[in-house]
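Okay, sequence plus prediction incoming.
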Amino acid sequence: MNEILNTRLLHPRDQIVLVMSRIYNRGLTSTSGGNISICDENGDIWVTPSAVDKGSLTAADIICVRPDGSVVGRHKPSSEFPFHKAIYAVRPDLKGIIHAHPPALVTFSIVRQTPDPAIISQAKHVCGSVGYAKYRLPGSAALGSVIADEFAKGHHGVIMENHGTVVGGTDLSDTFQRFETLEFCARAILFGNMVGEPTYLHAEQIAAFDTQLPALLPEMESVHYPSDEREKRMEICKIVHRACKQGLMLSSYGTVSTRWRDNDFLITPTNVPRWDMSLEDVVQIRDGKREPGKLPSRSTYLHQEIYKKHPEINSIILTQPPYLMAFATTKASFDVRTIPESWIFLQDVHKVPFGQHFSTETTVIDLVSRSSPAVLIQNDCILVTGDKLLQTFDYLEVAEFSAKSLVMCAPIGKMVPIDSEQVEELRMTFIK
């Protein structure tokens, strides 16, 4: 369980190495591209080195630049250090910066546009406003100046013309959430345009969404952690970290739950970065009450009602895989009659309006079943249900693979689905 780490508790050099490994392994930067820095409480700036392989970075490679300009370390600081320093100078509230060339955000930079985070519910809050900096020579003081000017306007992220992106946060964990979420928004918009026309949320919709959340469950008076409960915690953490590594879940969004005993269950918390989630963060829900001192997912009510109504459902995942969100953010139909496995596992995937999964009269609870385990929620997520948690994760993977195939086929032709006779043959053979 080495992946279960709290980034904020690590030394700056270790934080940088961990986050850079996540960025590199997710294909969000190249061997030579990108740089990360942290400004600590002493005013020291810890930064990635120049010309060192991002795929094998170690703590010993990280450079420290003191407030007096002296450099500690065995390498030269990143060639882009000037704009890191310039951003910290105009925004003392920022303590972490990430610059990289993630493909979707580079796409926006080379068509000279900025992605609108209002494509999904939480992104506007996570990303904040996004600025745009005109092209300047990489590594130059002029580049630092135009980027710092954008951050001085209050932006937390900036698209760099014909270059990439740079984002800042209150610490490196906050910065990474913003970076990952902004790239996700860009991908959702790009993929959405391949299958339809993306729709965006209005400020009123986002505000209404927050006000209709069910009241927080009362706290238990006492809590116990028997062996089977602890086993469920481990299952949830493993699936969450696996989903993050595979790009099926964002640090800023994703809910996993599994039934424990009867209608009691365990669920992921609110406001804990998914990459850093630990066993202690998971929240126990027993007899309609929450574990003391913890805030469960805002969708806890929905999970609770699904478990009550569907005894055959023992696990639930809500998340935002990029290809599935192409269908959740457009009016395009997600037709799973692509290959036999997709139809056998998923059958009909319904789509419901944004916010309906928090309504007390929601249809989501009625739409999921053993034969129809997944529901798309407009501009929000996909909800997948199943028996064992690994099976539910498998359904999620199959759904995302199917969505990816549909997005990828869009430029070359219209998908020809398995026909009704073939579907009936599958039903008779595989559906019990």
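Great, that's in hand.

C-alpha only now, for contacts and for neighbours.
Noted.

Distance of residue 300 relative to residue 288?
According to C-alpha to C-alpha, to the nearest Å, residue 300 and residue 288 sit 10 Å apart.

so how far is residue 345 from the residue nearest the centre of the chain?
By C-alpha atoms, centre = their mean, the chain has its centre lying nearest to residue 250, at 1.4 Å. Separation of residue 250 from residue 345 (C-alpha to C-alpha): 24 Å.

quick one on the thing from earlier: over to the residue nearest to the residue nearest to the centre of the chain when sequence neighbours are not counted: give its phi and psi.
Nearest residue to residue 250 in three dimensions, chain neighbours excluded: residue 244, at 6.1 Å (C-alpha to C-alpha, 6 or more residues apart in numbering). Note on residue 244: backbone dihedrals following degrees, to the nearest 10 are phi -60, psi -50.

Need the pLDDT of residue 244.
Each residue has a pLDDT score; the one for residue 244 is 95.

ok so, going back, okay, residue 300 and residue 288: which has more neighbours?
A count of neighbours by other C-alpha atoms under 10 Å puts residue 300 above the other of residue 300 and residue 288, at 25 against 15.

residue contacts, the more buried one?
residue 267 (C-alpha atoms under 8 Å, 6 or more residues apart in numbering).

Tell me how many other residues crowd residue 203.
Neighbours of residue 203 (other C-alpha under 10 Å): 12.

Offset the numbering so it begins at 31, please.
Happy to do that; since the first residue is 31 now, the last one works out to residue 233.

Show me where the stretch 331-462 of the chain has its strands.
With strands called from DSSP state E, counting those that start in this stretch, the stretch 331-462 of the chain shows them at 345-349, 380-382, 404-407, 411-416.

Export those strands as CSV, with columns for distance to residue 312.
Below are the strands of the stretch 331-462 of the chain laid out as CSV (distance: least, C-alpha to C-alpha, whole Å):
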stretch, distance to residue 312
strand 345-349, 14
strand 380-382, 28
strand 404-407, 23
strand 411-416, 19
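
Export those strands to TSV and append columns for distance to residue 296 and mean neighbour count.
Shown next, in TSV, are the strands of the stretch 331-462 of the chain (distance: least, C-alpha to C-alpha, whole Å; neighbours: other C-alpha atoms under 10 Å):
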stretch	distance to residue 296	mean neighbour count
strand 345-349	9	25
strand 380-382	25	18
strand 404-407	20	25
strand 411-416	15	26
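
can I get those strands in TSV with mean pLDDT and distance to residue 46?
Shown next, in TSV, are the strands of the stretch 331-462 of the chain (pLDDT from 0 to 100; distance: least, C-alpha to C-alpha, whole Å):
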stretch	mean pLDDT	distance to residue 46
strand 345-349	98	26
strand 380-382	93	40
strand 404-407	96	35
strand 411-416	97	30
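
Of all these, which one is nearest residue 267?
Smallest distance to residue 267 across the strands of the stretch 331-462 of the chain (C-alpha to C-alpha): 12.4 Å, for strand 345-349.

what does the closest one contact?
Under C-alpha under 8 Å, 6+ apart, the answer for strand 345-349 is 278-280, 283-289, 333, 411-419, 422-423.

Just those residues: which are in helices?
Judged by DSSP state H, helices contain the following of the contacts of strand 345-349: 333, 419, 422-423.

ok, those vs residue 137, which is closest?
residue 423 (30.3 Å).

who are the neighbours in contact with the closest one?
Contacts of residue 423 (C-alpha under 8 Å, 6+ apart): 269, 347.

One more: the one 3 residues further on?
With contact set as C-alpha under 8 Å, 6+ apart, residue 426 has these partners: residue 414.

confidence score at it?
98.

can you tell me how far it sits from residue 442?
In terms of C-alpha to C-alpha, residue 426 sits 26 Å off from residue 442.

Mind telling me what element residue 112 is part of?
helix 111-120 (DSSP states H and E).

meant to ask about residue 219
helix 202-225.

for that helix, packing partners?
For helix 202-225, the packing partners by 3 or more C-alpha pairs under 8 Å, 6 or more residues apart in numbering; DSSP states H and E come out as helix 42-55, strand 126-130, helix 133-140, helix 153-157, strand 194-199, helix 352-358, helix 419-439.

Let's have those in a markdown table, adding distance to residue 231.
Shown next, in a markdown table, are the helices and strands packed on helix 202-225 (distance: least, C-alpha to C-alpha, whole Å):
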| stretch | distance to residue 231 |
| --- | --- |
| helix 42-55 | 28 |
| strand 126-130 | 27 |
| helix 133-140 | 20 |
| helix 153-157 | 10 |
| strand 194-199 | 23 |
| helix 352-358 | 12 |
| helix 419-439 | 22 |
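
Would you mind saying which of the ones you listed lies nearest residue 295?
Closest among these, using C-alpha to C-alpha: helix 419-439, at 12.3 Å.

Report the buried residues of the closest one.
419, 422-423, 425-434, 436-437 (16 or more other C-alpha atoms under 10 Å).

How about stretch 445-462?
So, applying 16+ other C-alpha under 10 Å, buried residues of stretch 445-462: residue 453.

What average pLDDT does that stretch get?
Regarding stretch 445-462, the rounded mean pLDDT is 88.

Okay, residue 246 and residue 375: tell me how far apart.
34 Å.

Likewise for residue 139?
39 Å.

the bottom helix or strand of this protein by mean pLDDT?
Ranking every helix and strand in the chain by mean pLDDT, DSSP states H and E puts helix 233-241 at the bottom, with a mean of 76.

Can you pull the domain assignment for the chain?
Following the assignment in automatic domain parsing, the chain carries domains at 37-225, 244-460.

In a markdown table: these, plus distance to residue 232.
As requested, those are exported to a markdown table (distance: least, C-alpha to C-alpha, whole Å):
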| stretch | distance to residue 232 |
| --- | --- |
| domain 37-225 | 7 |
| domain 244-460 | 11 |
